[in-house]
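# Structure for the following, please:
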Amino acid sequence: MTAAAPGTAGSLGGAGTPRLYGMLAEFTHAEDLVTAAKRAREAGYRRLDAYTPFPMEELAEALHFDDRRLPLVVLCGGIFGCLGGIGLQYWVSAIAYPINVGGRPLLSWPSFIPVIFETTVLCAAIAAVLGMLALNGLPRPHHPLFGASRFQLASRDRFFLCIEAVDPRFDLAGTRRFMEGLKPDAVTEVPL
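Here you go, the predicted model:
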């Protein structure tokens, strides 16, 4: 990032943090947004996001959105639940209350299956919810884009592309020129 003159929107704050969240481009048509996202990726921008009133699979592909962390979190939660269910059953049946009923062994694994299944599903579901919240940065009562003019239209009929100021290729003047070259309806700076 290129530091601008002190006191301007693109200048650095006291601790080296940008005072600008990013540059926001508004589009009327979904196809224009997908094209703009592809061109931004081709130009080398990596810290960008798009906002639409409905999900668009081709937009996720254009942004190269392939985050695989949530399935891994859910898998770890399921494994933890499975091991926890086995440990719970083992502790109850063999250590805490070893009662021999009808000559069955203390570690009768077929009778453990329902509890193991339930703890696996429970822990995987809890991991999915907590992982989704953590990876999305939620709860987040305020986001800098909420203050951008016309951004509320992203939930109705407009499409937005934001290049964040923390992107290594971000340069206030250069990024503005690039985004204006995408032929959006408007380009605005989003302060922090």
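# Tell me which stretches of the protein form strands.
Listed in chain order, the strands of the chain (DSSP state E) span 20-27, 48-51, 159-164, 186-191.
# Out of those strands, flag the one nearest residue 64.
strand 48-51 (9.9 Å; CB to CB). (Each C-beta comes from the backbone N, C-alpha and C, glycine too.)
# quick one: residue 43 from residue 170, how far?
Remark: distance between residue 43 and residue 170 (CB to CB, to the nearest Å) = 11 Å.
# Compare neighbour counts for those two and give me the winner.
residue 170 (22 against 14; other CB atoms under 10 Å).
# Got the confidence number for the residue nearest the centre of the chain?
Centroid-nearest residue in the chain, with CA atoms, centre = their mean: residue 136, separated by 3.8 Å. As summarised for this prediction, residue 136 has a pLDDT of 87.
# picking that back up, of the strands of the chain, give the one that comes closest to residue 95.
Once the strands of the chain are compared by CB to CB, strand 48-51 is nearest, at 51.4 Å.
# So what touches the closest one?
The contact list for strand 48-51 (CB atoms under 8 Å, 6 or more residues apart in numbering) reads 33, 37, 40-41, 59, 63, 145, 151, 154, 159-164, 167.
# Please provide the alpha-carbon coordinates for that strand, formatted as CSV.
The C-alpha coordinates for strand 48-51 follow below in CSV (Å, rounded to 0.1, in the frame of the first residue of the first chain):
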residue,chain,number,x,y,z
LEU,A,48,-11.6,-8.4,-2.4
ASP,A,49,-15.2,-9.4,-1.7
ALA,A,50,-18.5,-9.1,-3.5
TYR,A,51,-22.0,-8.4,-2.1
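# centre of the chain versus it, how much separation?
11 Å (CA atoms, centre = their mean, to the nearest Å).
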